[in-house]
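In: Okay, predicted coordinates and the sequence, questions at the end:
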Amino acid sequence: MTHRLFEGKDHASAYQKYRFTPPEELNNIILQYLSKKKGQPHVLAVDLGCGTGQNSHLLAPHFQEVVGIDISECQLEEARAVPGYPNITYRRGTAEDLPFPDCSVDLLTAASAAHWFDQSRFLAEASRVLKPRGCVALLGFSDLNTRLHYQDCGERLNQIYEEVRQVLLPYTSNRVTVSEGKLEELYSAIPFPDKERIDSVQVKSSISVRNLVGFIETWSMFQIYKKKDPKAAEELLLKTQKRFLEEMGVMSPATEIEQEMEYFCVLASKPG
């Protein structure tokens with residue numbers, strides 16, 4: 001986690017409001033994989049790059065203890081402010097230097113975060129802290145394949161969404177490109193023989209226009225653009241919301257549309 005683009009208070013607040021919780025379908029796949037490879041009990045899950053804790057909350061009912069790790073204290077403050085499970089704790093730290101003893105972690109996971117890690121250092125730490133047959137689960141989504149649906153104007157909404165991406169493309173970190181490649185390089189580098197990729201889990205959900213625009217605000221490339229030109233960045237959000245509403249023929253940004261997203265997951269199990 002050597003890249004530090006998510007540390008500001010405003011960005012952390014936007015993350016808490018607008019970032020998606022990973023889908024239950026993918027969480028079930030991960031838990032089934034862990035049960036198959038390591039078996040019960042599920043004692044300790046470590047959620048790397050936990051941000052404001054969405055994925056940590058998803059894991060909490062299935063483990064005795066969940067520890068969320070993030071480099072941003074602002075993100076962790078937002079996470080701690082959310083009422084939730086007493087078995088979750090949050091610590092400041094990085095994926096490359098984990099505060100856990102050797103062979104102590106059942107599941108090491110990261111949701112939309114692993115593309116920011118120093119690959120070789122992270123994998124060395126994963127090998128060290130995982131229990132025998134403990135598992136790594138790295139998940140994310142491919143925003144290139146996001147599709148929006150509302151009555152008969154879905155294609156036009158998709159076009160507006162893509163135009164926003166094109167505006168922000170010059171501000172895209174090469175690490176985001178790694179994520180869009182579904183962590184292929186990281187998967188290849190995992191030293192465990194027992195590993196697999198799930199390339200496509202299609203998930204449909206409803207989202208308000210306001211929250212969709214808020215999600216755009218959480219993108220790292222938008223945050224870079226905002227630092228360069230705050231006024232233009234704010235205008236881009238306002239203009240995008242206006243264009244969505246006009247195309248849909250509605251007035252309220254609370255109007256919901258269907259969003260279809262493609263998630264992926266890299267799974268691996270340490271030799272026993």
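Out: Structure's in. What do you need? What you see is a predicted model; the values in this text were computed from it and never measured. Numbers count the residues shown, from 1 in each chain.

In: shouldn't residue 225 be in contact with residue 233?
Out: Yes. Using Cβ atoms under 8 Å, residue 225 is in contact with residue 233, at 5.2 Å. C-beta here means a position set from N, CA and C on the backbone, and glycine is covered the same way.

In: show me where pLDDT drops low in the stretch 51-200 of the chain?
Out: By pLDDT under 70, the low-scoring segments of the stretch 51-200 of the chain are 173-180.

In: residues in contact with the closest residue to residue 103 other than its chain neighbours?
Out: Spatial nearest neighbour of residue 103, chain neighbours left out: residue 131 (5.1 Å); criterion: Cβ to Cβ, 6 or more residues apart in numbering. With contact set as Cβ atoms under 8 Å, 6 or more residues apart in numbering, residue 131 has these partners: 38, 103-106, 270.

In: Would you mind measuring from residue 131 to residue 233?
Out: Per Cβ to Cβ, to the nearest Å, residue 131 is found 45 Å from residue 233.

In: And residue 72, by the same measure?
Out: Applying Cβ to Cβ to residue 72 and residue 233 gives a distance of 20 Å.

In: These two: which is more packed in?
Out: Each of residue 72 and residue 233 has its neighbours counted (other Cβ atoms under 10 Å); residue 72 has more, 24 against 20.

In: Need the phi and psi values for that one.
Out: Main-chain dihedrals, residue 72, degrees, to the nearest 10: phi -100, psi 120.

In: How many residues are close by the residue nearest to residue 61 when sequence neighbours are not counted?
Out: Leaving aside its chain neighbours, residue 61 sits nearest to residue 85 (7.3 Å; criterion: Cβ to Cβ, 6+ apart). Neighbour count of residue 85, defined by other Cβ under 10 Å: 15.

In: Would you confirm that residue 85 contacts residue 66?
Out: Yes. Using Cβ under 8 Å, residue 85 is in contact with residue 66, at 7.3 Å.

In: and residue 235, how far is that from residue 115?
Out: Taking Cβ to Cβ as the measure, residue 235 falls 29 Å from residue 115.

In: Tell me which of these two has more neighbours.
Out: Neighbours were counted for residue 235 and for residue 115 using other Cβ under 10 Å; residue 115 has more, 24 against 11.

In: just checking, that one touches residue 184?
Out: No. Look at residue 115 against residue 184 with Cβ under 8 Å: they stay out of range, at 10.8 Å.

In: Next one, pLDDT for residue 230 please.
Out: Residue 230 is assigned a predicted lDDT (pLDDT) of 92.

In: For the residue lying closest to residue 151 once chain neighbours are set aside, give me its contacts.
Out: Leaving aside its chain neighbours, residue 151 sits nearest to residue 248 (7.3 Å; criterion: Cβ to Cβ, 6+ apart). By Cβ under 8 Å, 6+ apart, the contact list for residue 248 reads 150-151, 153, 157, 209, 255, 257.

In: Show me those that map onto helices.
Out: If you go by DSSP state H, the contacts of residue 248 have 157, 209 in helices.

In: Show me just the buried residues among the contacts of residue 248.
Out: Buried by 16 or more other Cβ atoms under 10 Å: 150, 153, 157, 209, 257, out of the contacts of residue 248.

In: For residue 263, see how far away the residue positioned nearest the centre of the chain is.
Out: Centroid-nearest residue in the chain: residue 112, 2.7 Å away (criterion: Cα atoms, centre = their mean). According to Cβ to Cβ, residue 112 stands 9 Å off from residue 263.

In: Now do the shared contacts for those two.
Out: Contact with both residue 112 and residue 263 is made by residues 139-141, according to Cβ under 8 Å, 6+ apart.

In: which residues does the closest residue to residue 23 other than its chain neighbours bridge with?
Out: The shortest distance from residue 23 to any non-neighbouring residue, by Cβ to Cβ, 6+ apart, is to residue 203 (4.4 Å). Residues in a beta bridge with residue 203, per DSSP bridges, are residue 261.
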